[in-house]
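# Just need the structure, nothing else, for what follows:
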Amino acid sequence: MRLAHRITYVWFCLVTSIVLLVIYLDGGLGNEAVVIFIIPLIFNIVAGAIIFIKYLSHLDMFLRNGPILKPLSGIKALYLGSMVISKTVFEVLLCLKLRGVEIETLYIFIPLWVLLVLTMIYLLSDVVVTHFKEH
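Numbering: from 1, shown residues only. Prediction:
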């Protein structure tokens, strides 16, 4: 996917999720919190598929006519996959809390904290690699 397609896809998912959230908070959707999380779930599936295809490109699985996407190393694929999984777990726990299941708020936010720590590590490692790259 080119950058404009990615931006458009993320923008569409974000706007649709916000509209569904506003409708839910206004008392619509029959108080069914699952509807809000359908769009982020689709987004997580697409992100996971892109990470998987990029990792397979790294393993030279699709190199008949060159790589489909820029290949990912195993460590970066592990980081990105862990981020998608922790985001999905956070969304599922939040959905369960909105449906009325008794879950402590601390347990809901643990996957979010893991996501934030992994994101900081991932971004900091890219900054360090870029900074110390020889010109």
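# From now on I want contacts and neighbour counts done on CA atoms only, so please keep to that.
Fine.
# so what's the residue positioned nearest the centre of the chain up against?
Centroid-nearest residue in the chain: residue 84, 4.1 Å away (criterion: Cα atoms, centre = their mean). Residue 84 makes contact with 44, 47, 48, according to Cα atoms under 8 Å, 6 or more residues apart in numbering.
# Okay, and the second one sits in which element?
Element membership of residue 47 [criterion: DSSP states H and E] is helix 38-58.
# need the next SSE after that helix, C-terminal direction.
Past helix 38-58, the next helix or strand by DSSP H and E is helix 74-98.
# same question for that next one, mean pLDDT?
Averaging pLDDT along helix 74-98 gives 87.
# Repeat that for stretch 16-25.
82.
# Going by neighbour count, which residues in it are buried?
Residues 17, 20, 21, 24 are the ones in stretch 16-25 that count as buried (16 or more other Cα atoms under 10 Å).
# One more: stretch 97-112?
97, 108, 109, 111, 112.
# who touches that stretch?
32, 33, 86, 87, 89, 90, 93, 94, 96.
# mind checking how far the biggest helix by length in the chain is from the chain centre?
Using DSSP state H to define each element, the chain has its longest helix at helix 105-131. Computed by Cα atoms, centre = their mean, to the nearest Å, the separation of helix 105-131 from the middle of its chain amounts to 12 Å.
# burial count for the nearest residue to residue 23 once chain neighbours are set aside?
Closest residue to residue 23 apart from its sequence neighbours, by Cα to Cα, 6 or more residues apart in numbering: residue 29 at 6.8 Å. Residues lying near residue 29 (other Cα atoms under 10 Å) number 15.
# name the element residue 27 belongs to?
Using DSSP H and E, no helix or strand contains residue 27.
# dump the residue contacts of it.
Residue 27 neighbours (Cα under 8 Å, 6+ apart): none.
# quick one: it and residue 40, what's the gap?
From residue 27 across to residue 40, the span is 20 Å (Cα to Cα, to the nearest Å).
# again, but for residue 12
When distance is defined by Cα to Cα, residue 12 is 11 Å away from residue 40.
# So for those two, which residue has more residues nearby?
Neighbours were tallied for residue 12 and for residue 40 using other Cα under 10 Å; the higher tally belongs to residue 40 (19 against 13).
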